[in-house]
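Novice: pasting the sequence and the predicted coordinates here, then a few questions.
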Amino acid sequence: MTFKKIALAFSLLVTVAMTSSAAWSQATGQTRIQGVPQGGDIAAPLAQPALTAIIDLREEMRMFVQRIATYARRVKPNFIVIAKDGLDLLVKRDATDDTKTSPARAYLRTIDGVMQQGMFFAEAVGDRPFGAPPIPERQLPMLALADYAKNSGLKVLSLDFGKDRKTIDEARRLANERGFLSLVSDVPSQDIFKLPEHPARPPLENSRSVLSLDMVQNYATIRNSAPFGQEAQFALKMHDTNYDALLVEVFHGRKPLSKRAVETLKFKKLGARRLVFAYMDVGSAASYHYYWRANWREGSPFWISAPMRDDPDRYNVEYWRPDWQGIMSGDTSSYLYGIIAQGFDGVIIDGLDAYKFFEGDGEGEVDGQ
């Protein structure tokens, strides 16, 4: 989507907002649309309707994922979609009694798997140290939903955290008991820059080609590939392993991985084929990504909300807005199309729990462990 199109859509939406009734502009829930006046003829985004008060934020996220999957498979029919975190999206809760749930069937049929971090041992949060089990009030519902995903035919990837071998082995045991794929990192999730040191080789290492998600028996993830050196060095280092699946960022440093590098990642050391996935965050916008414009900031465009507490260069976004969704998916200039064109086998959709930010006064930015 070009900047001209974004600006046009923005101006149209502002016009609609300015002509709306006063009740719209005074509705509750506007605290997360923190407008900054632009000068000239552009009105401050405070005139925007408080849509968070009248829309189903979770259903909007489900529908966003469904649109992403539909477009991806129109371009590449066997494209794999894995939903990271946001397990609550698997079920719909009754509007009057949130203890009553029903399956989110359309969403379940759209995705191929789920990935959840911190199910058995979590990152550091508050006074809880890195590698501690999550509190039961969080863990029990999370495990119940992960079990539900598996029983619904989805692949479940577990990402846990710990520095000692005892924790790593225990996390793997607990995940294996439930039929989940296990990976344990000794650094925070957004900073994973190396392969696991223990075990030194992939669990259930095998020589067969992996052509579908249900064939995957182990995986590794790298969120920051820059420490490996040049792109070719990173690709060759990953090629020198026998993981069934690799989950990586689209960008190596400031540049996207080349199609040649992605193709190198697709083969194990033994020569067999494996799956390679790219991360795509749909819940926040990064000021260091290619789509960011020099004049963007909180409140401009109006769908850019407050910066993330743990990363001020990333901003929460009103993910249900057509402008943002168009940047992520839908045509040949979108983020998703670039992932497909680079040759990735699938996508890890990150940021799915962004709805918590708009539901709970920002609490969704950092999941309480």
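Specialist: Sure thing, it's come through. Residues are numbered from 1 along each chain as shown.

Novice: where along the stretch 251-369 of the chain do the helices fall?
Specialist: For the stretch 251-369 of the chain, applying DSSP state H, counting those that start in this stretch gives helices covering 259-265, 322-328, 335-341, 355-359.

Novice: check which element follows the helix or strand bottoming out on mean pLDDT in the chain along the chain.
Specialist: Lowest mean confidence among the helices and strands of the chain (mean pLDDT, DSSP states H and E): helix 22-25, at a mean of 31. Proceeding N to C from helix 22-25, the next assigned helix or strand is helix 57-75, under DSSP states H and E.

Novice: dump that next one to PDB, keeping only the CA atoms.
Specialist: Provided in PDB are the C-alpha atoms of helix 57-75 (Å, rounded to 0.1, in the frame of the first residue of the first chain):
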ATOM      1  CA  LEU A  57     -11.700  -7.000  19.500                       C
ATOM      2  CA  ARG A  58     -11.000 -10.700  19.600                       C
ATOM      3  CA  GLU A  59     -13.300 -11.500  16.700                       C
ATOM      4  CA  GLU A  60     -11.600  -8.700  14.700                       C
ATOM      5  CA  MET A  61      -8.200 -10.400  15.300                       C
ATOM      6  CA  ARG A  62      -9.600 -13.800  14.300                       C
ATOM      7  CA  MET A  63     -11.000 -12.200  11.100                       C
ATOM      8  CA  PHE A  64      -7.700 -10.500  10.400                       C
ATOM      9  CA  VAL A  65      -5.900 -13.900  10.700                       C
ATOM     10  CA  GLN A  66      -8.500 -15.500   8.400                       C
ATOM     11  CA  ARG A  67      -7.900 -12.800   5.800                       C
ATOM     12  CA  ILE A  68      -4.200 -13.300   6.000                       C
ATOM     13  CA  ALA A  69      -4.500 -17.000   5.500                       C
ATOM     14  CA  THR A  70      -7.000 -16.700   2.600                       C
ATOM     15  CA  TYR A  71      -4.700 -14.300   0.800                       C
ATOM     16  CA  ALA A  72      -1.600 -16.300   1.400                       C
ATOM     17  CA  ARG A  73      -3.100 -19.600   0.100                       C
ATOM     18  CA  ARG A  74      -4.400 -17.800  -2.900                       C
ATOM     19  CA  VAL A  75      -0.800 -16.900  -3.800                       C
END
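
Novice: counting contacts, what elements does it pack onto?
Specialist: strand 80-84, helix 105-110, helix 322-328, helix 335-341, strand 346-350, helix 355-359 (3 or more CB pairs under 8 Å, 6 or more residues apart in numbering; DSSP states H and E). Where you see a C-beta, it was placed from the backbone N, CA and C, and this is true even at glycine.

Novice: give me that answer again for 6 Å
Specialist: helix 105-110, helix 355-359 (3 or more CB pairs under 6 Å, 6 or more residues apart in numbering; DSSP states H and E).

Novice: deepest of those, which one?
Specialist: Ranked by mean neighbour count under mean count of other CB atoms under 10 Å, those are led by helix 355-359, which reaches a mean of 22.

Novice: and that one, what other elements does it pack with?
Specialist: By 3+ CB pairs under 6 Å, 6+ apart, helix 355-359 packs against helix 57-75.

Novice: in the helix it packs on, what's buried?
Specialist: Buried residues in helix 57-75, defined by neighbour count with 16 or more other CB atoms under 10 Å: 57-69, 71-72.

Novice: between the residues you listed, which is nearest residue 244?
Specialist: residue 72 (21.2 Å; CB to CB).

Novice: quick check: that closest one touching residue 80?
Specialist: No: Residue 72 is beyond contact range of residue 80, at 8.9 Å (criterion: CB atoms under 6 Å).

Novice: measure residue 175 to residue 88 for me?
Specialist: Distance of residue 175 to residue 88, given as CB to CB, to the nearest Å: 20 Å.

Novice: more neighbours: which of those two?
Specialist: residue 175 (22 against 19; other CB atoms under 10 Å).

Novice: just checking, that one touches residue 158?
Specialist: Yes: using CB under 6 Å, residue 175 makes contact with residue 158 at a distance of 4.3 Å.

Novice: need the overlap of contacts for these two.
Specialist: residue 182 (CB atoms under 6 Å, 6 or more residues apart in numbering).

Novice: so which residues of the stretch 51-200 of the chain form strands?
Specialist: For the stretch 51-200 of the chain, the strands defined by DSSP state E, counting those that start in this stretch occupy 80-84, 91-93, 101-103, 113-117, 155-161, 181-185.

Novice: adding mean neighbour count, mean pLDDT and distance to residue 226, write the ones you listed out as TSV.
Specialist: Converted to TSV, the strands of the stretch 51-200 of the chain look like this (neighbours: other CB atoms under 10 Å; pLDDT from 0 to 100; distance: least, CB to CB, whole Å):
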stretch	mean neighbour count	mean pLDDT	distance to residue 226
strand 80-84	24	98	21
strand 91-93	16	94	39
strand 101-103	12	95	41
strand 113-117	24	98	22
strand 155-161	25	98	21
strand 181-185	24	98	17
